[in-house]
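A.B. asks: whatever this is, show me its structure:
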Amino acid sequence: MHYTIEIRGLRFSYPDGLLALAGIDLFIAPGEKVALVGPNGAGKSTLMLHMNGILHGEGEVFVCGTRVSEANMSEIRAAVGLVFQDPDDQLFCQNVYEDVAFGPTYMGLPEIEVHSRVVEALAAVGMRGSEARVPHHLSGGEKKRVAIATVLSMKPEILALDEPTSGLDPRSRRGLVDLLRDLPQTMLISTHDMRLVAELSARTIVIDGGVIVADAPTIDVLSDAPFLDAHGLETA
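C.D. replies: The predicted model follows:
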């Protein structure tokens, strides 16, 4: 079977000796929207940072059939769009247009293609018309949408999202959930929002102590209250 994400035997320790990942095997098929849940410090963010080469551990990580390595980092980072928990970590230009154009411009695309991608990405997240706005004047929900657009403009096959609904009011949260549901990319969604898990992901992976303790249909994971409690998770 062809997998969009294929991780085998991944281990990673931080410089202080903390073992963050203790042998992860993970396989995600094209188009899957998979939730990654677990308590704080479980290894969720560490795992996601391996997918586009920000961190390098022992084991193998393949993205769209290509092994993640220094030699093909530009290819990997074009394929994996990483959306950080805090959109201010991704929005640093003078206006929305420049932020969304940054990735395609860095890829060396011609100006007309860059413009086309910016228009398409902003339309996909419902933010057409915001091109001239200052990112830090946007609401939390608008910032999240523009942060996703900065990734979509690079046309990735995979979206890796870290706490996408964190800090959003109910209306913004609902809009973001609907947006993510409609996007075609393969997704790995790290979250503590168990309602999001129930609404968006048919499959849920639970990680705790650097190991995967469950990989099952979301309905099965969420219906096991004692299991969730044992791993510091709430029911939806």
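A.B. asks: wasn't Arg8 part of a strand?
C.D. replies: Yes. With DSSP: H, G, I helix; E, B strand; the rest coil as the criterion, Arg8 is assigned to a strand.
A.B. asks: how many other residues sit next to it?
C.D. replies: Close neighbours of Arg8, defined as other Cβ atoms under 10 Å, add up to 13. (C-beta placed from N, C-alpha, C; glycine too.)
A.B. asks: if we ignore the residues flanking it in sequence, what's nearest it?
C.D. replies: Counting by Cβ to Cβ, 6 or more residues apart in numbering, Arg8 lies nearest to Glu60, which is 4.5 Å off, once chain neighbours are set aside.
A.B. asks: cool, and Phe92?
C.D. replies: Leaving out its chain neighbours, the residue that sits closest to Phe92 by Cβ to Cβ, 6+ apart is Asp99, at 7.1 Å.
A.B. asks: so the one you found sits in a helix?
C.D. replies: Yes. With three-state DSSP as the criterion, Asp99 is located in a helix.
A.B. asks: quick check: it vs Ala121, distance?
C.D. replies: Computed as Cβ to Cβ, to the nearest Å, the Asp99 to Ala121 distance reads 10 Å.
A.B. asks: neighbour count winner among the two?
C.D. replies: More neighbours surround Ala121 than the other of Asp99 and Ala121, with 25 against 22 (other Cβ under 10 Å).
A.B. asks: so the more buried one is in which element?
C.D. replies: Following DSSP states H and E, one finds Ala121 within helix 111-124.
A.B. asks: and whichever helix or strand comes after that helix with helix 111-124, angle?
C.D. replies: Remark: after helix 111-124, the chain's next helix or strand is helix 140-152, criterion DSSP H and E. Put simply, helix 140-152 runs at 140 degrees to helix 111-124, going by axes from the mean of the first three to the mean of the last three Cα atoms, to 10 degrees.
A.B. asks: wait, what's in contact with Ile158?
C.D. replies: Going by Cβ atoms under 8 Å, 6 or more residues apart in numbering, Ile158 touches 4-5, 51, 63-64, 79-81, 185-188.
A.B. asks: which of these fall in strands?
C.D. replies: Judged by DSSP state E, the subset of those located in strands is 5, 63, 80-81, 186-188.
A.B. asks: output the residues you listed as TSV; include the columns distance to His137.
C.D. replies: Shown next, in TSV, are those (distance: Cβ to Cβ, whole Å):
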residue	distance to His137
Ile5	36
Val63	35
Val80	29
Gly81	24
Thr186	33
Met187	28
Leu188	31
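A.B. asks: and the helix holding Ala121, what does it pack against?
C.D. replies: Where contact means 3 or more Cβ pairs under 8 Å, 6 or more residues apart in numbering; DSSP states H and E, helix 111-124 is packed against helix 96-106, helix 140-152.
A.B. asks: highest mean neighbour count out of these?
C.D. replies: Of all the helices and strands packed on helix 111-124, helix 140-152 carries the top mean neighbour count, a mean of 24, counting by mean count of other Cβ atoms under 10 Å.
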